[in-house]
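Enquirer: Fold the following, please.
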Amino acid sequence: MDPHLLRTFVTVARRASFSAAARQLGYTQSAVSQHIAALEQDLGAPLLTRRPVAPTRAGERLLEHAGPLLLRLDAARAEVAALAGAPDTGLTLAAAPTALTPAALRALPPTGVTLRVLPRDEIPETVATGAAHLGLVDGLTAPSDPLPGTDVAPLTVRGVGEEEVCVLLPATHPLARRTGLRLADLTDARWLDAPGAGLPLAQLRAAVGGTGFRPALAYEGTDVRTLAALAASGHGLTLLPRPAAAAPGAVAVPLTEPRVVHRTELLHTGALRGPAADFAGRLDVTRS
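Expert: This is a model prediction of the structure:
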C-alpha cells in the first residue's frame, strides 16, 4: 500500500472534500482523485462516496489503521533524521496546561527552551513526528495506573508524577466547607467545560461510569488561572490537580471518591540525548 495514496485518502476523508484536500496537500484536484482511484483499485473496494464525500464501511476500517501506520512512518523519518543531524542544543516541550506541574517547571533548563501548550490529543503526534523533543500529558487514573491510550508505539511513555485531585468551587458554595467530595454527588452540578485548560468532562463521566456533568459555560482557552477564576466567580465547578486548584475567592475540596489521581506522563521517541535527557533526569530527581 502506497503511503502517499494513504495520506491523500486520510486527508480527503477528514476534510470531506477533494478540493480542500488538494489545497492542503498542494496537489491538483485531479491528482487527488487519481490517488483515491488508485488506492481503491489496489484494495479492491470503494473507500469514499462522492456526494457527499464520506468514507464507506471499508473506508472507515482503513481510517482506523491509517492513523497509526502514517504516524509510525512519520516517527521513523523524524527519528532517523534526528540521529543523522547535529546534536540538539535546545529543548522543545509540548505539554497539556495542567501537565505543567511545579516539578516539571522546576526541571526546565534556564535557557534554550520552547514550550508549546497544546490540547492533550495533539501531543503524542507532535512528539512522534519530531515537532517536539518531549511531551507531557495528563489525566485522571487510578493510583499507579497508566493513562489510557498513551502507551502505544512508537512512543516511550513513563509516569513522572501523581497528585491529589480537587473540586474547585466558590468560597460561598454550600459544599465549600466539606473536607471531601464524592464525584457521584456532583453529576447534576453546573460545570465548566474547559478541555483545553482543565480535566475534560468526558473523563469525569468515565470515572463514575455514567452521564451528567452538564456544562454551564464553555471555556476554549488554555490558561488554568482563567479557568480557576471562572470557578471562583460561580460560573461552574471544575476539577483540577491540587497545585493548580487555587484562586482568590475559591476553595479546593479534595475528591475522595472515586479514588483517582492526576497522573502526568512523559512521552518521547528513541533514546534521549542532550537537553531532553537532562530535563528528564531533573524531572526524575525532582520527583524523588
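
Enquirer: How about residues contacting the helix or strand harbouring Pro124?
Expert: For Pro124, the element it lies in under DSSP states H and E is helix 123-128. When contacts are defined by Cβ atoms under 8 Å, 6 or more residues apart in numbering, helix 123-128 is touched by residues 71, 74-75, 78, 94-96, 116, 118, 132-137, 150, 152, 154-155, 267-269. Quick note: C-beta positions are derived from backbone N, CA and C, even for glycine.

Enquirer: Just the CA trace of it, in CSV.
Expert: The C-alpha trace of helix 123-128 is given here as CSV (Å, rounded to 0.1, in the frame of the first residue of the first chain):
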residue,chain,number,x,y,z
ILE,A,123,0.8,15.9,22.0
PRO,A,124,1.6,12.2,21.0
GLU,A,125,1.7,13.1,17.3
THR,A,126,3.7,16.2,17.9
VAL,A,127,6.4,14.2,19.7
ALA,A,128,6.2,11.2,17.4
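
Enquirer: Just want the phi and psi numbers for the residue nearest to Pro243 when sequence neighbours are not counted.
Expert: Nearest residue to Pro243 in three dimensions, chain neighbours excluded: Pro102, at 5.4 Å (Cβ to Cβ, 6 or more residues apart in numbering). Note on Pro102: backbone dihedrals following degrees, to the nearest 10 are phi -50, psi -40.

Enquirer: The residue nearest the centre of the chain and Gly44, how far apart?
Expert: Centre of the chain computed as the mean C-alpha position; nearest residue by Cα atoms, centre = their mean is Arg120, 1.3 Å away. Look at Arg120 and Gly44: by Cβ to Cβ, to the nearest Å, they are 38 Å apart.

Enquirer: repeat for Leu192
Expert: Leu192 is 49 Å from Gly44, by Cβ to Cβ.

Enquirer: neighbour-wise, which of the two wins?
Expert: Between Leu192 and Gly44, counted using other Cβ atoms under 10 Å, the more crowded position is Leu192 (22 against 7).

Enquirer: Quick check: what element follows whatever helix or strand that one lives in along the chain?
Expert: Element membership of Leu192, judged by DSSP H and E, is strand 191-193. Next along the chain after strand 191-193, taking DSSP H and E as the criterion, comes helix 201-208.

Enquirer: Return the set of buried residues in that next one.
Expert: Neighbour counts over helix 201-208 (16 or more other Cβ atoms under 10 Å) mark 201, 203-204, 207-208 as buried.

Enquirer: What of stretch 72-89?
Expert: Applying a neighbour-count criterion of 16+ other Cβ under 10 Å, one finds 74-75, 78-79, 82 buried in stretch 72-89.

Enquirer: can you check stretch 252-267 too?
Expert: 252-253, 255, 260-267.

Enquirer: shaky segments in this structure?
Expert: Low-confidence segments of the chain (pLDDT under 70): 84-88, 150-153, 285-288.
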